[in-house]
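Trainee: Need a 3D model of the sequence below.
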Amino acid sequence: MKLRLSDRQVGVLFMLPLILAVGIFLVWPIAEAVRLSFVRYNPLRPDDQPFVGLDNYLFVLEDPLFWESFWQAIVWTGWSTVLQAVIGVGLALLLHQPLKGMNAFRGLLLFPYIVPTVVIALNWRWLFNSEIGIVNHLLLSAGIIDDKIAWLSTPNMAMASAIMLNVWKYTPFVVIVVLARLQTIPTELYDAAKVDGAGVLRRFRDITLPQLAEVLAVVIVFRTIWTFNKFEEIYLLTRGGPGTSTYNLALYAFDQSIANLRMGVGAAAGVIMLLLLLAGSMLYIRVSGFGREDKAA
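Mentor: Below is the predicted model of the structure:
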């Protein structure tokens, strides 16, 4: 007797590997982080995990370093995301032009995105070295600056250097997504606008930008989440220094968990990060109107 499955059952079978992967690599780590945030856990004494209620959360919220890291994470994420969106849209508009050699430039654009972060960070440390770095050498040779800039050893310049690294590496993602959307905008819209006498800026404002609105909303949400959670770039470039001037929440959670062996405190910081990102993303999507269906007139 042959076993016959309905289309629904076949669909469920095909989804099982995905459900299993999501459960193992997403749901379980989040659940474990939430559990750890309510216990005192030292990895050197794994069997001793007393329940402490909200003590870990209170420790985090009362820690001045947490709030310093939070505001620096806002600066790091805000500037990185805004610059990536602005530069990404500009480059996408340029690469959308039917000019000779644009395909080669589109290929080269992916280079920063595919290079490992550790390689970029190590090269960045050399480029921005205050004594032997090529950035200072070029700026001094061009007469733009009179003295060497301590890019990675002064608070403001260290944060600016980290932001520049993030923008350089991840702007190609924005360009790819925006360029794909630009290629689907009907050319008839621009032709009609030209007939009506609309200039370049007006065509961009009235046609291009509205067409890109939903794509940009998605890009900004994803880039905000990914940048807010970024750990390796700041850790490899500045180690959170000088002092704690480039600390963000990911680095704070790492230091509490690994350096200080307070796994519960680190987990609480991670849960707070999750809640902040969830609330911020929902608010942004609601304000931007993404996914809102137009009502028929």
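Trainee: Can you dump the C-alpha atoms of stretch 230-240 in PDB for me?
Mentor: Output in PDB follows, covering the C-alpha atoms of stretch 230-240 (Å, rounded to 0.1, in the frame of the first residue of the first chain):
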ATOM      1  CA  LYS A 230      28.700  44.700  15.400                       C
ATOM      2  CA  PHE A 231      31.500  43.600  17.600                       C
ATOM      3  CA  GLU A 232      34.500  42.500  15.500                       C
ATOM      4  CA  GLU A 233      35.200  45.700  13.700                       C
ATOM      5  CA  ILE A 234      35.600  47.900  16.800                       C
ATOM      6  CA  TYR A 235      37.300  45.100  18.700                       C
ATOM      7  CA  LEU A 236      39.900  44.500  16.000                       C
ATOM      8  CA  LEU A 237      40.400  48.200  15.300                       C
ATOM      9  CA  THR A 238      40.400  49.900  18.700                       C
ATOM     10  CA  ARG A 239      39.600  47.300  21.400                       C
ATOM     11  CA  GLY A 240      37.000  49.800  22.500                       C
END
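Trainee: and stretch 219-236, what's its mean pLDDT?
Mentor: The average pLDDT for stretch 219-236 rounds to 90.
Trainee: Contacts for that stretch next, please.
Mentor: By Cβ atoms under 8 Å, 6 or more residues apart in numbering, the residues outside stretch 219-236 that reach it are 73, 76-77, 80-81, 84-85, 88, 117-118, 120-122, 162, 165-166, 169-170, 173-174, 177-178, 240, 246-251, 254, 273, 276-277, 280-281, 284-285. In short, each C-beta sits where N, CA and C put it, glycine included.
Trainee: and those, which are buried?
Mentor: Listed as buried from the contacts of stretch 219-236 are 73, 76-77, 80-81, 84-85, 88, 117, 120-121, 162, 165-166, 169-170, 173-174, 177-178, 240, 246-251, 254, 273, 277, 280-281, 285; burial here means 16 or more other Cβ atoms under 10 Å.
Trainee: Leaving out the residues flanking it, which one is nearest to residue 79?
Mentor: The shortest distance from residue 79 to any non-neighbouring residue, by Cβ to Cβ, 6 or more residues apart in numbering, is to residue 163 (5.0 Å).
Trainee: what sits against the one you found?
Mentor: By Cβ under 8 Å, 6+ apart, the contact list for residue 163 reads 76, 79, 80, 83.
Trainee: May I see the residues you listed arranged in a markdown table, with pLDDT as well?
Mentor: Shown next, in a markdown table, are these (pLDDT from 0 to 100):
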| residue | pLDDT |
| --- | --- |
| 76 | 94 |
| 79 | 95 |
| 80 | 95 |
| 83 | 96 |
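Trainee: Which of the residues you listed fall in helices?
Mentor: 76, 79, 80, 83 (DSSP state H).
Trainee: from those residues, which single one is nearest residue 149?
Mentor: Nearest to residue 149 among the ones in helices among the contacts of residue 163: residue 79, at 18.3 Å, using Cβ to Cβ.
Trainee: what's the spacing between the closest one and residue 189?
Mentor: With distances taken as Cβ to Cβ, to the nearest Å, residue 79 is found 33 Å from residue 189.
Trainee: between the two, which one's more packed in?
Mentor: A side-by-side neighbour count of residue 79 and residue 189, using other Cβ atoms under 10 Å, places residue 79 first with 18 against 14.
Trainee: rewinding a little: in strands, which of the contacts of stretch 219-236 appear?
Mentor: The strands, defined by DSSP state E, take in nothing from the contacts of stretch 219-236.
Trainee: just how off-centre is stretch 130-150 within its chain?
Mentor: In this view, stretch 130-150 has its centroid 30 Å away from the chain centroid, taken as Cα atoms, centre = their mean, to the nearest Å.
Trainee: what do you get for stretch 268-279?
Mentor: For stretch 268-279, the separation from the chain centroid amounts to 15 Å (computed by Cα atoms, centre = their mean).
Trainee: Go ahead and name everything in contact with it.
Mentor: Residues contacting stretch 268-279 (Cβ under 8 Å, 6+ apart): 30, 33-34, 37, 56-57, 59-60, 66, 224-225, 228-229, 249-250, 252-253, 256.
Trainee: List buried residues within the residues you listed.
Mentor: Among the contacts of stretch 268-279, those scoring as buried are 33, 37, 56-57, 59-60, 66, 224-225, 228-229, 249-250, 252-253, 256 (criterion: 16+ other Cβ under 10 Å).
Trainee: Just the ones of those in strands?
Mentor: Residues of these located in strands (DSSP E): none.
Trainee: Which two among those are spaced furthest apart?
Mentor: Taking Cβ to Cβ as the measure, the buried ones among the contacts of stretch 268-279 span a maximum distance of 26.6 Å, between 59 and 224.
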